[in-house]
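> got a predicted structure plus its sequence, pasted below:
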Amino acid sequence: MTADADQPGAPAFGGLGLDQGALDRFMPMHVAVGPTGRIISCGPTLRKLDQNRRWLGEAFLDVFDLRRPSSVQTFADFQRRAGGRLHMSLRSGAAAGLRGIALPAMHGQALLINLSFGVTVLDAVRQHRLTEGDFAVTDLAVELLYLVEVKTALMEDLAQLNHRLDGAKAMAEEEAQTDMLTGLRNRRALDAALASLISARAPFALMHLDLDFFKAVNDTLGHAAGDHVLRCVASVLTDELRVGGDEFVLLLPGLTIIPKLQKIAGRMIEHLSQPIVFQGQPCRVSASIGMTISSLYAVPTAPEMLADADMALYASKRAGRGKAKMFYAGQDHAAASTS
């Protein structure tokens, strides 16, 4: 083969005696161009980027789009400007952002161009499934790939750890807002739920329920019986929040119709008036309820609504217990209602 013929083969570049195999290993992304501008040698990694291309024998400027140096019209122009930095891409779109340098070879009868991916190496590795063997052993891209693999593994471990921490945090928050005896939401959860409803300006009703005669159960049958009663009461109530002791607060989002609230309160009072059996002994309690609704207030606040429901609750107790009363805004007493 002669260089003038621009025939592809295995030339010895620069008199160093490098055959094609050695050149491919030393510069897997090289391209050599003969004096008439046709490719006479091409590295294996470069060929992998566009496997549908013939490469050898093709015109260099038909294969590559030169961005630096700019304004190159002919291969002769490119030859005259050899030695500077190259910015180029494949016209097929298979690789962009290639960097390199072109130097004379074969006693000036060819140009030997060595290329790299530059900052696009990670995209190229993913897109073309490149491995360590596709890079020269001196290419720092290999170390970069190792760092990326380590970072990816660390990020995955960190993501899993954060997921576990988020789960543990959510569980801790759930436990912090749950009454351990009954499994109901506690005062902390009540405050959060009230704040959320008020902030959203959502209509809702608030019921304050107190167990009548609960102290008598504790005094006569013991605290174990009292705990059993509380658990049984918890199974009766839905969407309620236990304030503490034998008191409960119920939030009913979207429900502000007083007759419906009276019916709900009446059903709970009737159900809780039934004896609760503990170790063969009947535990007798009843329920008194005080109610208020958010629509009674120009701007509802949690302390005011809780105080008004509490006022209505104690009016129920004064009326003989086992009653439900609704608080009416503007009044200093709770009006009686059927239970």
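On my side now, so go ahead.

> got a list of contacts for stretch 293-310?
If you take C-beta atoms under 8 Å, 6 or more residues apart in numbering as the criterion, stretch 293-310 is touched by 191, 194-195, 197-198, 202-208, 249, 256, 258, 261, 290-292, 326-329. In short, each C-beta sits where N, CA and C put it, glycine included.

> chain center to it, what's the gap?
Here stretch 293-310 is found 37 Å from its chain centre; the criterion is C-alpha atoms, centre = their mean, to the nearest Å.

> same deal with stretch 32-44?
50 Å.

> what comes up buried for it?
32-35, 37-43 (16 or more other C-beta atoms under 10 Å).

> and stretch 61-72, by the same measure?
For stretch 61-72, a neighbour-count test (16+ other C-beta under 10 Å) marks 61, 63-64, 66, 69, 72 as buried.

> can you check stretch 276-283 too?
Neighbour-count burial for stretch 276-283, with 16+ other C-beta under 10 Å as criterion, is recorded at 276, 278, 283.

> do the same with stretch 122-141
In stretch 122-141, counting by 16+ other C-beta under 10 Å, buried: 124-125, 128, 130, 134-136, 139, 141.

> any idea which of these the model trusts least?
Within those, pLDDT reaches its minimum at Ala141, with 70.

> wait, it sits on Gly118?
No. The criterion here is C-beta atoms under 8 Å, and Ala141 misses it with Gly118 at 9.2 Å.

> ranges for the strands of the stretch 151-300 of the chain?
Listed in chain order, the strands of the stretch 151-300 of the chain (DSSP state E, counting those that start in this stretch) span residues 204-212, 240-244, 247-253, 276-278, 281-283, 286-293.

> among those strands, which is nearest Arg321?
strand 204-212 (4.3 Å; C-beta to C-beta).

> avg pLDDT for that closest one?
pLDDT averaged over strand 204-212 gives 92.

> also stretch 304-319?
92.

> what about the nearest residue to Gln279 once chain neighbours are set aside, neighbour count?
Distance criterion C-beta to C-beta, 6 or more residues apart in numbering; nearest residue to Gln279, sequence neighbours excluded, is Ala225 at 7.5 Å. Other residues near Ala225 number 19, with proximity taken as other C-beta atoms under 10 Å.
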